[in-house]
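Colleague: Sequence and predicted structure, then a few things I'm wondering about:
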Amino acid sequence: MRTWKVTRRTEPLGWGSFLLFIMAFGISLAISGFLLFLQGKPGLGGILLLLEGGFGHGYSLEDTFLKAIPIFLCAAGVAVCFRMQVWNIGVEGQYVMGAAGATWVVLTFPDAPMWAMLPAMGIGAMVAGGLWASLPALLRLYAHMNEIISSLMLNYIALVILQRLVYGPWKDPDGAGFPHTMVFPDPAVIGTFLGRIHYGLLACLVCGLGLVFFLKRTRLGFEVTVGGENATAARYAGMPYARLVLFVFVVCGALAGLAGGIETSAVLHRLSMNISVGYGYTAIVVAWLARLRVGRIALFAFLLAGLRVGVENLQLELGVPAAFAGMMEGCILLTVLAAQFFDNYALRRVQAQPAAAGQKGAGA
Amino acid sequence: MRAILLALMLTLGLCAPAVAAEGKPKEKLKIGFVYVSPVGDEGWSYQHDLARKELEKDPNITTTFVESVKEGADSERVILNMARKDHDIIITTSFGFMDPTMRVASQFPNITFLHCSGYKMSENVSNYFGRMYQARFLTGVVAGRMTKSNIIGYVAAFPIPEVIRGINAFTLGVRSVNPKAEVRVVWSKTWYDPLVEKEGAKSLLDVGADVITQHQDSPGPQVAAQEKGVYSIGYNTDMTKVAPNAHLVAAIWNWTPFYKDMVEKVRKGQWKSGSFWPGMESGIVDISGFGPMVPKAVQEEARARRQDIIDGKLVVFKGPVLDQSGAVRIQDGALPTDKELLEMNWFVQGVVGSPK
């Protein structure tokens, strides 16, 4: 008698892993199509509309790239922290503080020329995000406070600070009392180079490549990975564990802050509460899906952005409720994460053990 | 196709920006709505969607909508995609859609854009709103008559002029019939969060409020009033369903007449952009039916004031209006300008709370 058995893989799956992902993605689309069908909408047609909306035209690709930029930067930061098993859930707050940092530069030096303005905004954003991220790190190191709780709570505090700023000192005097800053002057707006895609994409490229180099080629990058796999071992090896924790938090905060700065400048052209749309949380999902690898983060950021863009097309053409987007995203997350199980394990058909068969018989 | 479209846009945009807005008459119209929240069963977006359904009854009109659109980057994309999909009119119904609407509209001079609750306009973008404060005044009259503790609770959304104006008008209504009553304000800092808004109402109930009203889209405060066994006043939609024992009356939106008017003008090629702020006389704002606990005399009083507003005999905010410190903000007999109303950032006498 032959039966199925789960065994650990001894060889890494390699390209098969990619195939696995495609299959999982296909299954989640099929489930989504079925859900559409249950609502009396065309299942297959709906999925095609979705893909068309996210990836099917030049302009939908533009939209998808545009949305993927902040998600990628945030997720890359998350990956650095998570590699060291430091659970920074405060990316949203760091992103918001980054946006505030960039805005501070604009409001303080409104007449600066572009060559000075944009770099200063970038630095302002990264410093603000990095400093904000250092808070949970210091709390963990010196007060032994769980960073999951502290970094998450700091998100809400960041939002209240933002609210204070746009309702208070930073409110546009010509804004009829509405809570937002003035529209940024032209030198403070990052330009576009392809349709609506702005130069923030280059920042993604630079940060992404820099991160890959850092993790693979530098001693510090090696220490981060080792520190995550075994903190005690890292300490024995003489690695400065505390400084590493602070370091990964600051790197993540700086990347998230940069994302926030780019988004205010290139997309919103002013600071308002609308800067916070949950990219910091999406980033955590993306980092997990990508198993903390930079290249895959780019892929998943693009994919998830495309799906979110595509779902709007579905709403527009078929009139499905907005909640469908959330259901579908959950579905993809579930199937892809479930499929990752097979990255490490395999189902094999093996000869059943006689003893097991015997037990079965006795049980019956 | 894209190149042709671009060329078309450019020529129209460059040569005839003034003519572009006043287009040719159109037989069939495709109208898109962008909502900030889910349509749901009541509230802000729901009221706009009722009007959308009314419009769609016309066989020559097709409508689309996208709900739960986040203000900011997402909304620009949604509006842009509607524009690309050959809509004739695009209606964006939240303040945060203002900049994105303006940006997209500048690229599509042939499309008519209507933006609700903002202050910007251009050749092909109108902004519009309704004088909800008039309906608020009337609900204030009812609240002033119904309160026994003389404390009325107001769960307010954000300290922006629109909300402050509503609180002030409501308070003037209350005080017009009950000068001893005060209106206590708590800010929820939310537009839709049933839990937070309900908690806000509870905090007002704890200080003795026996009528609760609100300026958000969730029915949370109504539920809180119902559970406590006191009265409530709804907003956006007649909220009797969620709080049948508490709900006295609601200040409601009715967008259908305004949208029909705009659509008709676009159809005939007579539409021109502007800033529209119609009042109760146009039907855009009103009060709902009364709950059975409202005495006949109070109902009649509110109806009479309603007629006065429609006839122009009663002008809310006609001076003298005093602020919280007792200083005169609108001189005796003076009528406030729209600019003053639109930038209102102070509370009238009788409000307890801070307009910040």
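Modeller: Perfect, thanks for sending it. Numbers count the residues shown, from 1 in each chain, chains lettered A, B, ... in the order given.
Colleague: What residues sit buried inside stretch B:29-46?
Modeller: Under the neighbour-count criterion of 16 or more other CB atoms under 10 Å in any protein chain shown, stretch B:29-46 has B:29-40, B:42-46 buried. Where C-beta positions appear, they are placed from N, C-alpha and C, glycine not excepted.
Colleague: Narrow those residues to those in helices?
Modeller: B:44, B:45, B:46 (DSSP state H).
Colleague: wait, doesn't the last one sit right on residue B:236?
Modeller: Yes - using CB atoms under 8 Å, residue B:46 and residue B:236 qualify as a contacting pair, with a distance of 7.2 Å.
Colleague: ok, which of the buried residues of stretch B:29-46 also contact chain A?
Modeller: Near chain A, judged by CB under 8 Å from any CB of the partner chain, the entries from the buried residues of stretch B:29-46 are B:32, B:38, B:39.
Colleague: Show me the contact partners of the strand or helix carrying residue A:29.
Modeller: Here residue A:29, judged by DSSP states H and E, is contained in helix A:15-38. Under the criterion CB atoms under 8 Å, 6 or more residues apart in numbering or on different chains, residues A:13, A:42-44, A:46-47, A:50, A:318, A:320, A:324, A:327-328, A:331-332, A:334-336, A:338-340, A:342-343 lie in contact with helix A:15-38.
Colleague: circling back: possible to save the ones next to chain A among the buried residues of stretch B:29-46 as a markdown table with pLDDT and distance to residue A:186?
Modeller: Shown next, in a markdown table, are those (pLDDT from 0 to 100; distance: CB to CB, whole Å):
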| residue | pLDDT | distance to residue A:186 |
| --- | --- | --- |
| B:32 | 96 | 30 |
| B:38 | 87 | 37 |
| B:39 | 89 | 38 |
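Colleague: So which of the residues you listed sit within strands?
Modeller: Judged by DSSP state E, strands contain the following of those: residue B:32.
Colleague: Okay, domains of chain B per the record?
Modeller: B:18-130+B:255-280, B:132-253+B:285-352 (automatic domain parsing).
Colleague: Now that we have the contacts of helix A:15-38, which of them are buried?
Modeller: A:43, A:46-47, A:50, A:318, A:320, A:324, A:328, A:331-332, A:335-336, A:339-340, A:342.
Colleague: Now do the helices in the chain.
Modeller: All of this is about chain A. Using DSSP H, helices in chain A cover A:15-38, A:43-51, A:58-83, A:91-108, A:114-143, A:147-167, A:200-217, A:219-229, A:231-236, A:241-262, A:279-289, A:294-318, A:323-344, A:354-363.
Colleague: sorry, should have said chain B
Modeller: Counting by DSSP H, the helices of chain B are B:2-15, B:17-21, B:44-56, B:73-84, B:98-107, B:132-146, B:161-177, B:194-206, B:220-228, B:256-268, B:296-311, B:338-342.
Colleague: How about the stretch 101-250 of chain A: which residue is closest to chain B?
Modeller: In the stretch 101-250 of chain A, the residue found nearest to chain B is residue A:177; the distance is 4.2 Å by CB to the nearest CB.
Colleague: Point out the residues in chain B that sit beside chain A.
Modeller: B:2, B:32, B:38-39, B:64-74, B:76-78, B:80-82, B:84-85, B:95-96, B:99, B:119, B:158-161, B:189, B:342-345, B:356.
Colleague: Where does pLDDT dip in the chain?
Modeller: The chain I'm using is chain A. A:1, A:12-13, A:352-364 (pLDDT under 70).
Colleague: try chain B instead
Modeller: In chain B (pLDDT under 70), the answer is B:1-23.
Colleague: Residue nearest the middle of chain A, spatially speaking?
Modeller: Residue closest to the average C-alpha location in chain A (CA atoms, centre = their mean): residue A:283, at 1.6 Å.
Colleague: Quick check: nearest residue in space to that residue, chain neighbours excluded?
Modeller: Leaving out its chain neighbours, the residue that sits closest to residue A:283 by CB to CB, 6 or more residues apart in numbering or on different chains is residue A:74, at 3.4 Å.
Colleague: and that neighbour, how many neighbours does it have?
Modeller: Residues near residue A:74, counting by other CB atoms under 10 Å in any protein chain shown, number 33.
Colleague: so what's it up against?
Modeller: If you count contacts by CB under 8 Å, 6+ apart, residue A:74 has them with A:91, A:95, A:255, A:256, A:259, A:279, A:280, A:282, A:283.
Colleague: so what's residue 246 up against?
Modeller: I'll assume chain A. By CB under 8 Å, 6+ apart, the neighbours of residue A:246 are A:134, A:137, A:138, A:141.
Colleague: oops, chain B please
Modeller: By CB under 8 Å, 6+ apart, the contact set of residue B:246 is B:212, B:222, B:225, B:226, B:229, B:230, B:231, B:232, B:291.
Colleague: ok, those residues vs chain A, which is closest?
Modeller: Proximity of those to chain A (CB to the nearest CB) peaks at residue B:222, which lies at 23.3 Å.
Colleague: just to revisit the earlier point, just the buried ones from the contacts of residue B:246?
Modeller: B:212, B:222, B:225, B:226, B:230, B:231, B:232, B:291.
Colleague: Confirm for me that the last one is in contact with residue B:239.
Modeller: In this case it means residue B:291. No - the criterion here is CB under 8 Å, and residue B:291 misses it with residue B:239 at 10.3 Å.
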